[in-house]
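> Pasting a predicted model and its sequence here:
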Amino acid sequence: VQLQASGGGLVQAGTSLRLSCAASIRAFATYSMGWFRQAPGKGRDLVARIIWSSGNTYYADSVKGRFTISRDNTKNTVYLQMDSLKPEDTAIYYCTARNLNNVDYWGQGTQVTVSS
C-alpha cells in the first residue's frame, strides 16, 4: 500500500485548499480513508474519515462545516476540501487507509500553513 498526499501549501486565512491522496491499493473501494494532522509540538489528530461501505463521513469538531472529505474510487483518490482556513489549521496533513482487518496505512505528510 502506498499513499501519496499532495496539495499543501502556504495560504492566507479565509482561503481554501484541496488536498489529494492517490492510493496504490488493490480493492481501494474496500478501504476506509482518512486525514489526520499534526501541528508543531502536538500529537496527531483525526480530521476526517470516510467509511468504505456506507460513504458516511466523520469530522473533528474543529473542522465541521469547513472541511469536506470525499473519494473517487475510479481514481483511487481521496480528497480533503478545506475552506475558510484558519491559522490553527496549520499542520502536516497525513492520509490514511484502513483495510477490512482494521490495519492502518499511512502516507507521507503534506504541509499546510495558514497565515493570518
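Happy to help now that I have it. Keep in mind that this is a model prediction, so the values were computed, not measured. Residues are numbered from 1 along each chain as shown.
> and Gly55, what does it touch?
With Cβ atoms under 8 Å, 6 or more residues apart in numbering as the criterion, no residue contacts Gly55. Heads up, the C-betas are built off the backbone N, CA and C, glycines and all.
> Kindly report the same for Val11.
17, 85, 112-115.
> In the sheet, which residues pair with it? Tell me.
Following DSSP bridges, Val11 is listed with bridge partners Val114.
> Pull up the gap between it and Lys86, please.
For Val11, the distance to Lys86 (Cβ to Cβ, to the nearest Å) stands at 11 Å.
> which residues are common contacts for those two?
Joint contacts of Val11 and Lys86 (Cβ under 8 Å, 6+ apart) are Val114.
> What's the local residue count around the residue nearest to Arg37 when sequence neighbours are not counted?
Here the nearest residue to Arg37 in space, its sequence neighbours aside, is Ala91; by Cβ to Cβ, 6 or more residues apart in numbering that works out to 3.8 Å. Neighbourhood size, Ala91 [other Cβ atoms under 10 Å]: 22.
> Which positions in stretch 16-35 come out as buried?
For stretch 16-35, burial by neighbour count (16 or more other Cβ atoms under 10 Å) applies to 17, 19-23, 25, 28, 31-35.
> Save the contacts of Val11 as a markdown table, and put in distance to Thr68 and pLDDT too.
Below are the contacts of Val11 laid out as a markdown table (distance: Cβ to Cβ, whole Å; pLDDT from 0 to 100):
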| residue | distance to Thr68 | pLDDT |
| --- | --- | --- |
| Leu17 | 12 | 98 |
| Leu85 | 13 | 98 |
| Val112 | 15 | 98 |
| Thr113 | 20 | 98 |
| Val114 | 17 | 98 |
| Ser115 | 22 | 97 |
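> coming back round to it: confirm for me that the residue nearest to Arg37 is in contact with Gln38.
Yes: Ala91 is within contact range of Gln38, at 5.6 Å (criterion: Cβ atoms under 8 Å).
> if we can go back for a sec, name the nearest of the contacts of Val11 relative to Ile69.
Leu17 (13.5 Å; Cβ to Cβ).
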